[in-house]
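Chemist: this one's sequence-less:
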């Protein structure tokens, strides 16, 4: 499940010891059990690693487990076997050392930690609920880019069913076990299991953060999902395979797993909250879960708390004090030079000058400027410290106990910094360094305090010369409303064809909030920040030269590089340091059925120097937006494509019921898309049904405007895809028919040539084979042969092979019908032109007008030849054959989609062909049998409606057009749910209904040899 890189990095981490401790704000998890909050802020990580980890790799031989449920199940059983084998080996070794009198430290391991990549993460979760797994054998699971919500390729029905079953058992595993009467039986089965999922963010095109989420599978008390862009010491997005060897991520994961080991027992912590706290401390950053509070956004995942120390004052009341800097990093107040008193709402630090700056909160924080933000590259505690004072004093110890200052240095949140600036000459001034931390105070944090102090550590000189000015800090009291920029959907759509600009004048807020109305996961934005000026009015240069230099060299010396922080509620934080011109994208999944109301928006926080003015340009690439649309909604498009085919079949069946010509598939698709009376019930009504279902099951409503717009766009794309598929198949059929007719005509001409008599003799001899009784029986019952062959292959080999047999039968029938239609039209044209062409010859009537019509008794019949000399018959026969072609062509498109849905599974099947393939899943075979029955029982247009005589009901007309409509709605909803595999159930249900109607019809007709189909006895009209 893991590569050798992880094992090597784990050994290196054990040898080098824990990561260097910093004093930035840490994330402290608060799991909630019922109404009780279990705070783990006092829990501290170990200062050294006492035990190393033994790594075992389960080799799954790179099989395509993401494509077939049977492979997933086999992998799960093998992982369970491997877990038991590993634990048994430890027990054998422990017992052997005990018998030999050797010293045993600790006890034999009772559980393993599973680390899985991609489908290996899902296999790990499936192994935990496997009935053969020993109790408590697995208590910790870490997954890397693993899909949990649904398969990455949700096409095979059994694969979607397996995911749904595993997730359902996981949900039940965290619930209290009770009887049917509600009597308590036992606690949750999975109460000791902790799961953490790491996603690769927007660069992982195979498993997006939405799929890697543990929402509604694992409760927040036992797990969470974090993207690599929000991880401590990582801050990067990575591709699906790169997450295995990315050094930053592998190192952080290795230290995290080593921190899970209890120093006293040498085993992982038995307490699940402690293990979850370790993951939170090591993986989460302080800014990731304070971004909502900073931006005053509604949070859907509140699970992070700032660590505090609880003390009591003299009166006995509880007082919360922030964690102070450790005593080993000692600053005495006397070491600071004279204090500086800041009179404006901005404060700037250009060097480590050993001074303390006083800011009057009441004075500088007036006029709505109630928030304070500071960005710096100085280390907390060792380089900079911040305190809140109730009143002015020389030192913290000079105030009474109740009025002590509060140190808030621990509220500094680390952010990734860009490359350090270059120094042109030793001792010369450099460009402003990028910030590495942000400090944020709200009005609730400063309530009850009068002053805020910023103390900068002194830095000694080197060789009598001052050190380079590579330190910076910029702070500001500001009003958040002044920096808010709401970018409307119209603004963003305009930026797709013309670049939009925003101007930030000097003295602007340090924190600028850009609210994009359309998610940047759907419309990635290219954001450029160009410096216009930086407060240097007189540079002594001509204006045309001063502007360029001022915006480049001089402004870089004065202003720090901008930083962008983009937030998505699912993927978390995405940080872009040293922002110059970057494409800002988040790994969101907006406008989906399960999306919350705020998911269609993206908030970007810009940290920009208030001393400079900027011109920011915003542009959106149409190609990038189109690629994101296809990436995010490909599953929806597949489900809607199946719905489009069902709606087209409905139109064909409805035309037959009205005694009209059957339209072609392309005409039916165009009719359903362009006519408003069809577009609304077929494209809009399913969306209304989806919203009603959300209301009835108390599911949060998706954002209506974006959900409806994206669904309609995907519906149009699905219509375009089906139209292209229809045109390609039309071209293939027409070319094949023309070639067939041309070859047949040439063959009749060559048949009179003496040189080809040997070929005629050969074919006459070969006709003896076709005269065999077994062959004649098979040729007399082609439908039964097709049916049983397809069913046997679907049940014993692979479902797709059964569908291929059905597809070939459709193709053969379409080809014959089209050839017959062309020849009939050609015969009529030649007769009208008085040309000599024997249309009534035996060869033409038998060879060219041969047609297989499948009635209720599955007998082969031929077109009526009673009036074969009438030219009108030729015309009506050609039209009837064209109706048959259009009807079977619709079935070709539908069943071609069904076959293509099993294409990934076939690839996996061929890969395992030499390993002794087992039988297909019963669910896949059963559903494919339903599809096969649909193709067999609805092989003629007249089977689109049935006149049945039922007990108590003398006359009943059942139309398949209504069945197609319901199946289309079901497929539409499956597309909205991003589960196109569920649409396969609709295909199978239509086949089951068709078969049932055929059986009821045959039973009700009794011994009648002739059945009436809507006034038509044959598939052609006289």
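Modeler: Sure, I can see it. In this text the structure is predicted, and so the values were computed from the model without any measurement.

Chemist: contact partners for the spatially closest residue to residue 260 that is not a sequence neighbour?
Modeler: In space, and not counting its chain neighbours, residue 260 is closest to residue 268: 4.8 Å by CB to CB, 6 or more residues apart in numbering. Every residue, glycine included, has its C-beta placed from N, CA and C. Residue 268 sits next to 111, 113, 139, 140, 260, 261, 262, 275 when contact means CB atoms under 8 Å, 6 or more residues apart in numbering.

Chemist: just to be sure, the fourth one is in a strand?
Modeler: So that's residue 140. Yes. Assignment of residue 140 by DSSP: H, G, I helix; E, B strand; the rest coil places it within a strand.

Chemist: helix or strand for the closest residue to it other than its chain neighbours, just tell me which one.
Modeler: Leaving aside its sequence neighbours, residue 140 sits nearest to residue 113 (CB to CB, 6+ apart; 4.6 Å). Following DSSP states H and E, one finds residue 113 within strand 112-117.

Chemist: immediately after that strand, which helix or strand?
Modeler: Trace forward from strand 112-117 with DSSP H and E and the next one is helix 119-128.

Chemist: who does that next one touch, helix- and strand-wise?
Modeler: helix 69-99, strand 112-117, strand 138-144, helix 157-173 (3 or more CB pairs under 8 Å, 6 or more residues apart in numbering; DSSP states H and E).

Chemist: report the distance from the last one to the chain centre.
Modeler: To tie it back to what came earlier, the one meant is helix 157-173. 17 Å (CA atoms, centre = their mean, to the nearest Å).

Chemist: and the angle for it with helix 69-99?
Modeler: Between helix 157-173 and helix 69-99, the angle comes out at 50 degrees (axes from the mean of the first three to the mean of the last three CA atoms, to 10 degrees).

Chemist: avg pLDDT for helix 157-173?
Modeler: Confidence for helix 157-173, expressed as mean pLDDT, is 94.

Chemist: name the helices or strands packed onto that helix?
Modeler: Helices and strands in packing contact with helix 157-173 are listed as helix 69-99, helix 119-128, helix 922-937; criterion 3+ CB pairs under 8 Å, 6+ apart.

Chemist: of those, which is nearest residue 569?
Modeler: helix 119-128 (21.8 Å; CB to CB).

Chemist: got the angle for that closest one vs helix 69-99?
Modeler: Using the same axes, to 10 degrees: helix 119-128 against helix 69-99 is 70 degrees.

Chemist: name the residues that touch helix 119-128?
Modeler: Contacts for helix 119-128 (CB under 8 Å, 6+ apart): 1, 58, 60, 65-66, 72-73, 75-76, 79-80, 83, 114-116, 133, 138, 141, 143-148, 163, 166, 170, 190, 193, 195, 197.

Chemist: tell me how many other residues crowd residue 527.
Modeler: Neighbour count for residue 527, taken as other CB atoms under 10 Å: 24.

Chemist: sec struct for it, please.
Modeler: Classified using three-state DSSP, residue 527 is strand.

Chemist: would you mind measuring from it to residue 499?
Modeler: Note on residue 527: its distance to residue 499, by CB to CB, to the nearest Å, is 11 Å.

Chemist: one step back: model confidence at the residue nearest to residue 260, what's the number?
Modeler: pLDDT, residue 268: 91.

Chemist: who does it form a beta bridge with?
Modeler: Residue 268 forms beta bridges with residue 261, as assigned by DSSP bridges.

Chemist: which of the helices and strands packed on helix 157-173 comes out lowest on mean pLDDT?
Modeler: Among the helices and strands packed on helix 157-173, helix 69-99 has the lowest mean pLDDT, at a mean of 89.

Chemist: flag every buried residue along that helix.
Modeler: The neighbour-count check on helix 69-99 (16 or more other CB atoms under 10 Å) flags 69-76, 79-80, 82-83, 86-87, 94 as buried.

Chemist: repeat for stretch 212-232
Modeler: Applying 16+ other CB under 10 Å to stretch 212-232 flags 212-215, 217-232 as buried.

Chemist: rewinding a little: adding distance to residue 47, write the helices and strands packed on helix 157-173 out as JSON lines.
Modeler: Listed next are these as JSON lines, based on distance: least, CB to CB, whole Å:
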{"stretch": "helix 69-99", "distance to residue 47": "27"}
{"stretch": "helix 119-128", "distance to residue 47": "31"}
{"stretch": "helix 922-937", "distance to residue 47": "54"}
